[in-house]
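*Asks:* below is the structure, and that's it, no one-letter string:
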């Protein structure tokens, strides 16, 4: 009954992937729409996943020497305009505050679309000497971009993210930081979110407004499209020159600092949904599942069942996020509900299990059920969660690799991207004209120039000229 | 040298308390001013204190069954206007967004000054049945109020806070929640921030725009002024009627929900500074000190000193926030610097100490130094931190209680508040006219009608009419 209702309400992912996605975020109560176009409400289940991602990322930032700060929400128009490329990139899509209370402001203020300009202004005041360097700051906040089309987690007008902003004495140090943080992101995606990523450099066309070089990690969704999961930018001294951020070096010479910035956002949650989800709903990586184990008592009205279930809950609670559903809903409803919410492990326990000192563990990722002894139930559950992590990653990797194709000419490129959704690996001359032409003809964009380069041919897939790089191309979110 | 410079740069608190306060927030690098009037930058040291307060509060919210969510930053003007008292209270002081990108918006959007209206709109959509209740939501975010005069931590245009918003099936349950959260705040202030507070109800004049009743906790600063440290509001069904938040009860009857909201903010950091600080700078409560113990090696160039200091750091690090200053600055500079930053314990360690298997612990709150054995150094430091917590609270309580006075007539009231800064305890008839008159004549406002009522006389301090309540009055931040 309720069971059937829940499951049938999710659209088949292979029939309509976009609708399947929307069904899941609504059914799992991750997100609600608000009265402001493109601004969403993160409901408890969606926000709890973000909190767990935050905690994992924040620990890594602190372990690599970063500290958190909070910059203002508003940027004066004149400040936004200080770096030429930056303002061109962002000014068209910001929200403008023009009135405070009943008074018209003398200068318009925009709601931060990103905070480079604020960090730079602050750095120009607090950095004087080489002793003040490096500055390794990060901020957790919301930012706003007046996007036309929006989609839960993937693209909103307002979204939650973190933005790291660092200043260094040398360009080498800034480059090292840029790559270090890209690696932190990749490790987080792979080990915590079980989401394989390809690391590399973005082309000139795809780089951040104001950056010298942008690096990114690209993940592949179930439908073969790419999701840019995180970016890390090396600014060189471009912003430092625009904002006059100078320091006296050890030889008493005035120098410009070199800077970086890097960010990940709630779109990672969109990535989790689209990499791991299936037709029964969400499949959450154990490390960011708000509930890692749900205990479902069988025949709970029978004496001793709820007591034993409570005991196991209290035992598991010491190390895991666990809940016990002792409501009067049916077993079938509960199983379908927690499947839909992506809870990694369901622990089923009835009178017969208790008599035999056993419990049944059902894993969300494969659907497999195993029977384990209650004697070392905590170990059994932890081992299973570790195994789920491993196999979720393996499965995602296999799925991705099966959708990476090569193309040696434009016809092959066009046919492949039409017939087989995924990434296309080609050689490229490095020219902007070819990149533009590929986009026009296929709607695919360059995802990254991967660090792991292979020379799959001598010539550019587009112009046939001398190949410089191997590039991954794809349609993207 | 540097030592002298640092210390002398802090204004004497008894000569100019406001300047002393400003000196501390700047010297300890807690806050920097931004280019937008009234918006501050929380620098790493200030933000780290907020993170520790957040962690302590968030744990308590979760233990009492609350979950976190994130609501949009922007509120459409029509939504803000739905509850009459609420819009009157907030509309004059909000910032208005009128343009998105290059387009003029059809309806103005304000930056949230508080989020009652957003929570209510969401609740009206997601609450249908008694099974959906209670909703126990909380949000950590920044809010904006276009204040004319601002002061770091105490009053900004933008500030960080948490706002709890709950919906219940009955009025009794809402009242219980309102008081429960007030008690959570009081416990946090007293046990974590070592800051005694007086709990009570606010008068009609001082209650929140749209509330049926507001409760508050009031702390007393070193200069005798009051700081409202947290508030908890019972809304009854006022917002529910304005926003049509109804549910079907167990008897299948349509009912309005009863609601609460409650908040604390970064102004608690202002409270910490003004309750505990002294002429040498900050004095931080151990539970929210970013560094609880700083190790200062003596004669660090001597063989073995830095090694031993590093060993102790690694040992203490397992349970405490500890740092080791092995820079080439002088002992004197380091002592003054960490005093100014309010680090609870300085651990000094030189060659002679090492030879004798000892270290010196200097406590920030009293300046006292004790010598302890290295054998159980971790225990010694933890015991000392616990003792510092106790005595910081005792000292603050004594100081506050020595500044609580009584008055039985207006002349006595005026003279006392003029001569002895502090709280004044009087009887009050409960009339708005007397409350207004007291404010006009003394600039003091009613702080709370405390839960602990005493009948100190039969008549109102102002009109001489029959007394209803005992009230604390005071000048406030």
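*Replies:* Done, it's in. A quick note: this is a predicted structure, and the numbers were derived from the prediction, not measured. Numbers count the residues shown, from 1 in each chain, chains lettered A, B, ... in the order given.
*Asks:* give me the most central residue, chain A.
*Replies:* By C-alpha atoms, centre = their mean, the mean C-alpha position of chain A lies nearest to residue A:268, the distance being 2.0 Å.
*Asks:* surely that one and residue A:229 touch.
*Replies:* Yes. In this structure residue A:268 lies within contact range of residue A:229 using C-beta atoms under 8 Å: 6.1 Å. (C-beta placed from N, C-alpha, C; glycine too.)
*Asks:* quickly list what's touching both of those two.
*Replies:* Common neighbours of residue A:268 and residue A:229, counting by C-beta atoms under 8 Å, 6 or more residues apart in numbering or on different chains, are residue A:189.
*Asks:* could you work out the end-to-end span of stretch A:156-174 for me?
*Replies:* From its first residue to its last, stretch A:156-174 covers 30 Å (C-alpha to C-alpha, to the nearest Å).
*Asks:* pull up the residues of the stretch 51-200 of chain A that are close to chain B.
*Replies:* Within the stretch 51-200 of chain A, the positions adjacent to chain B are A:51, A:67-76, A:79, A:92-102, A:109, A:111, A:118, A:121-122, A:125-126, A:137, A:141-142, A:144, A:146, A:157-158, A:160 by C-beta under 8 Å from any C-beta of the partner chain.
*Asks:* using the three-state scheme, assign residue A:456.
*Replies:* Here residue A:456 is recorded as coil under DSSP: H, G, I helix; E, B strand; the rest coil.
*Asks:* list the contacts of it.
*Replies:* Counted by C-beta under 8 Å, 6+ apart, residue A:456 has contacts A:406, A:408, A:425, A:426, A:427, A:470.
*Asks:* over to residue A:151?
*Replies:* Here residue A:151 is in contact with A:21, A:270, A:477 (C-beta under 8 Å, 6+ apart).
*Asks:* beta partners for it?
*Replies:* In this entry, residue A:151 is beta-bridged to residue A:155, by DSSP bridges.
*Asks:* what's the burial count for the residue of the stretch 301-450 of chain A found nearest chain B?
*Replies:* Scanning the stretch 301-450 of chain A for the residue nearest chain B gives residue A:327, at 9.3 Å (criterion: C-beta to the nearest C-beta). Residue A:327: 10 surrounding residues under other C-beta atoms under 10 Å in any protein chain shown.
*Asks:* roughly how far does it sit from residue B:167?
*Replies:* 20 Å (C-beta to C-beta, to the nearest Å).
*Asks:* pLDDT below threshold where in chain A?
*Replies:* For chain A, the stretches flagged by pLDDT under 70 are A:1-8.
*Asks:* relative to its centre, which residue of it is most distant?
*Replies:* residue A:303 (45.9 Å).
*Asks:* just so I have it, where are all the strands in the stretch 101-250 of chain A?
*Replies:* Taking DSSP state E, counting those that start in this stretch as the criterion, the stretch 101-250 of chain A carries its strands at A:103-111, A:135-144, A:158-168, A:198-201, A:213-220, A:226-236, A:246-248.
*Asks:* now distance to residue A:275 too, for those strands, in JSON lines please.
*Replies:* JSON lines is the format used below for the strands of the stretch 101-250 of chain A (distance: least, C-beta to C-beta, whole Å):
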{"stretch": "strand A:103-111", "distance to residue A:275": "31"}
{"stretch": "strand A:135-144", "distance to residue A:275": "24"}
{"stretch": "strand A:158-168", "distance to residue A:275": "19"}
{"stretch": "strand A:198-201", "distance to residue A:275": "13"}
{"stretch": "strand A:213-220", "distance to residue A:275": "6"}
{"stretch": "strand A:226-236", "distance to residue A:275": "8"}
{"stretch": "strand A:246-248", "distance to residue A:275": "43"}
